[in-house]
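>>> this is a predicted model, with the sequence first.
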Amino acid sequence: MFLIVFCFFFLILSTYFLNKGTSTSQPSFQSLNLEMKLEDSMQGLHGLDKLLLKEKTIIVFWATWCDPCIDELQNFMPLMSKISEKGYGLVFINYDGKENLKKTEAFLKTVDPTIATQNYFDFNGAVLGELGISSLPTSLIVDKSGKIQRVISGPLEENLL
């Protein structure tokens, strides 16, 4: 009996200490590195500092292989007016990889043109990796200086703005 109780407490304590300080999809940062570069569809490089044009910007991380991402982007029109009303800027960052560029661009033609014109690519996953984002879709609300105001894991919804 003593051995069973001991093993039970050992399991609980080891689980606690192994998981202490970890999070599932929350980025491990307080501010964005504004020097990180993203590509556009013409393979031009853009620093994040050049994309944060408004006082607050929503950055949506997505991929075509992510079904919730596709659903979110296909139904994004109703959110556009709310985002505009609040004065937020909007940036989309795709994480499909360069080998899927044609597939991504074909998908972008099927959604709101604003998404296509505000879309950038993290071809090698460097931005996602540096930010510690491990699930898609994930959206960040950041201020002009790059300070993170809010992290939203999962599809962006009106009540989360």
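Yep, it's here.
>>> and Y120, its phi and psi?
phi -130, psi 170 (degrees, to the nearest 10).
>>> which SS class is the residue lying closest to it once chain neighbours are set aside?
Closest residue to Y120 apart from its sequence neighbours, by CB to CB, 6 or more residues apart in numbering: L38 at 3.8 Å. Where C-beta positions appear, they are placed from N, C-alpha and C, glycine not excepted. Under the three-state scheme (DSSP: H, G, I helix; E, B strand; the rest coil), L38 adopts strand.
>>> my guess is L38 meets Q118, correct?
No. Counting by CB atoms under 8 Å, no contact exists between L38 and Q118, whose distance comes to 11.3 Å.
>>> residues touching the residue nearest to Y120, list them.
L45, H46, L48, L51, I93, Y120, F121, D122, V127 (CB atoms under 8 Å, 6 or more residues apart in numbering).
>>> buried stuff in the helix or strand hosting the last one?
Using DSSP states H and E, V127 falls within helix 126-131. Neighbour-count burial for helix 126-131, with 16 or more other CB atoms under 10 Å as criterion, is recorded at V127, L128, L131.
>>> one more: stretch 31-40?
L32, M36, L38, E39.
>>> go on, stretch 74-94?
F76, L79, I83, Y88, G89, L90, V91, F92, I93, N94.
>>> what's the answer for stretch 119-127, then?
Under 16+ other CB under 10 Å, the buried positions of stretch 119-127 are N119, Y120, F121, D122, F123, V127.
>>> can I get those in a markdown table including pLDDT?
Compiled in a markdown table, the buried residues of stretch 119-127 are given as follows (pLDDT from 0 to 100):
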| residue | pLDDT |
| --- | --- |
| N119 | 94 |
| Y120 | 95 |
| F121 | 94 |
| D122 | 94 |
| F123 | 90 |
| V127 | 90 |
